[in-house]
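**Student:** Let me see the structure of the following:
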Amino acid sequence: MPADDTLLSLMRSVDTPTICNALEIIAGRRLGDGFTRRPMVAADPNLLPIVGYARTATIAGVAAPKESAEVIKSRRLAYYEYVAKKPHPAVVVIEDKDEECGLAAFWGEVQVAIHRGLKVAGGITNGSIRDLGTMDKDFQLLAGSVMPSHAHVHLTAIDVPVEVLGMRVNPGDLVHGDRHGAVVVPADMIGRLAHAIDLVARKERPVIEAAHAEGFDVGALKRAWSEMEKIVS
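**Tutor:** Next up, the predicted model:
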């Protein structure tokens, strides 16, 4: 089931670790996949999380493309048509396929302006970003690195399964990302996510409040932990 506007708004109000915790509650166990597995760079760590349906692509840029300029241009225009399509919101997830990943930055001032204009919510890549001081300030990017040049960057495929820093993403997947990294919300968990997010907060509250209280000690921790364990639904 697709996420409704209420759920999308709720997802934007919490961080990615909370989403990861909520997915574990739904699964009934700890999860070791479905999220980025290496550190990422955020264009602006203070921006709200990006939430949306994945528009996927692959890029390369260490060497000049072997295809004709006309083929490259046609693919680029088809890509823009693809990312602009519904459903919205959209999050672009791009896999850099180069062995020297990140040498050629796809994301910079111009691409941010284009994607923002096409109502894309943000971008996630294992590649690099640049133009941090000049790109639109309200557009979040999560990337593997920061680099100065776009080199020979070009799109090699669109609307395909991708893998970004250990996170596998299929076109249309619901994705959440912030300065911590990103995670895919499995389609069969979307309907239970709102309740799980609320449950995460309610379960953590007794321990956090006890830890902040005057006179906190191990005894207080044990009582709070016991209270937390009683909150199961």
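**Student:** Could I get the full set of helices for this structure?
**Tutor:** Per DSSP state H, the chain has helices spanning 5-12, 16-27, 69-84, 109-117, 190-212, 218-230. These are given in chain order.
**Student:** now, of those helices, which is deepest in the fold?
**Tutor:** Of all these, helix 16-27 has the most neighbours on average by mean count of other CB atoms under 10 Å, namely a mean of 20. For the C-beta atoms, the positions are set from N, CA and C on the backbone; glycine is no exception.
**Student:** circling back to that earlier point, would you turn the helices of the chain into JSON lines with distance to G166 and mean pLDDT?
**Tutor:** Formatted as JSON lines, the helices of the chain follow (distance: least, CB to CB, whole Å; pLDDT from 0 to 100):
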{"stretch": "helix 5-12", "distance to G166": "21", "mean pLDDT": "97"}
{"stretch": "helix 16-27", "distance to G166": "13", "mean pLDDT": "98"}
{"stretch": "helix 69-84", "distance to G166": "23", "mean pLDDT": "98"}
{"stretch": "helix 109-117", "distance to G166": "24", "mean pLDDT": "99"}
{"stretch": "helix 190-212", "distance to G166": "22", "mean pLDDT": "97"}
{"stretch": "helix 218-230", "distance to G166": "30", "mean pLDDT": "96"}
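**Student:** Of those helices, which is nearest A57?
**Tutor:** With CB to CB as the measure, helix 69-84 is the member of the helices of the chain nearest A57 (6.0 Å).
**Student:** Relative to the whole chain's centre, how far out is the closest one?
**Tutor:** Centroid separation for helix 69-84 versus its chain: 23 Å, with CA atoms, centre = their mean, to the nearest Å.
**Student:** contacts for it?
**Tutor:** 55, 57, 65, 90, 92, 114-115, 118-120, 154-155, 158-159 (CB atoms under 8 Å, 6 or more residues apart in numbering).
**Student:** Restricted to buried residues, select those residues in PyMOL.
**Tutor:** A single PyMOL command selects the buried members of those (16 or more other CB atoms under 10 Å):
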select buried, resi 55+57+65+90+92+115+118+120+154+155+158+159
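**Student:** Figure out which of the helices of the chain is closest to E99.
**Tutor:** helix 69-84 (20.4 Å).
**Student:** circling back to that earlier point, dump the helices of the chain into JSON lines; add distance to I50 as well.
**Tutor:** Listed next are those as JSON lines, based on distance: least, CB to CB, whole Å:
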{"stretch": "helix 5-12", "distance to I50": "8"}
{"stretch": "helix 16-27", "distance to I50": "10"}
{"stretch": "helix 69-84", "distance to I50": "14"}
{"stretch": "helix 109-117", "distance to I50": "11"}
{"stretch": "helix 190-212", "distance to I50": "16"}
{"stretch": "helix 218-230", "distance to I50": "30"}
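**Student:** can I get the contacts of helix 69-84 in CSV with distance to Q140?
**Tutor:** Converted to CSV, the contacts of helix 69-84 look like this (distance: CB to CB, whole Å):
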residue, distance to Q140
R55, 15
A57, 18
P65, 28
A90, 13
V92, 11
I114, 15
H115, 11
L118, 15
K119, 14
V120, 10
H154, 24
L155, 21
I158, 21
D159, 22
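**Student:** Nearest to L7, out of the contacts of helix 69-84: which one, please.
**Tutor:** Closest to L7, out of all of these and judged by CB to CB, is A90, at 16.2 Å.
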